[in-house]
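Q: Structure here, sequence nowhere to be found:
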């Protein structure tokens, strides 16, 4: 019984690790769009028509928020990378708990 459970956990772990390897372009943080004003005298934004959308990737690093400007042509790629990062975190959590269960069985 114990051996069957251990093998099942090892199989699940192997499946998760294989799935993990498919993610190669993951990016931390979140992507946001904003509309901005430039404060130039006769610009349309002073009349209420703001510039944008302007896209930024934001993430935390050493307890500080970092921002990276994302070009329009890169938006879909960055969105995909942020989504991949979420999947990687989910898989790592699952693998961690599988490792914990394996540790418990091997005692």
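A: Everything's here; your move. All values derive from a computational prediction rather than experimental measurement. Numbering: from 1, shown residues only.
Q: by contact count, what packs against the helix or strand hosting residue 14?
A: Secondary structure assignment for residue 14, by DSSP states H and E: helix 2-20. The helices and strands touching helix 2-20, judged by 3 or more C-beta pairs under 8 Å, 6 or more residues apart in numbering; DSSP states H and E, are helix 75-105. Where you see a C-beta, it was placed from the backbone N, CA and C, and this is true even at glycine.
Q: Mind listing what's buried along the helix it packs on?
A: Neighbour-count burial for helix 75-105 flags 78-79, 81-82, 84-85, 88, 91, 94-95, 98 (criterion: 16 or more other C-beta atoms under 10 Å).
Q: hang on, the earlier thing: what's in contact with the helix holding residue 14?
A: With contact meaning C-beta atoms under 8 Å, 6 or more residues apart in numbering, helix 2-20 is reached by 88, 91-92, 94-95, 98-99, 101-102, 105-106.
Q: Give me the distance from it to the chain's centre.
A: Computed by C-alpha atoms, centre = their mean, to the nearest Å, the chain-centroid distance of helix 2-20 equals 25 Å.
Q: so that helix versus helix 75-105, what angle?
A: 160 degrees (axes from the mean of the first three to the mean of the last three C-alpha atoms, to 10 degrees).
Q: got the buried residues for helix 2-20?
A: 9, 12-13, 16.
Q: which strand residues sit across from residue 59 in the sheet?
A: As for beta bridges, residue 59 partners with residue 66 under DSSP bridges.
Q: Pretty sure it sits against residue 28.
A: Yes - using C-beta atoms under 8 Å, residue 59 makes contact with residue 28 at a distance of 4.2 Å.
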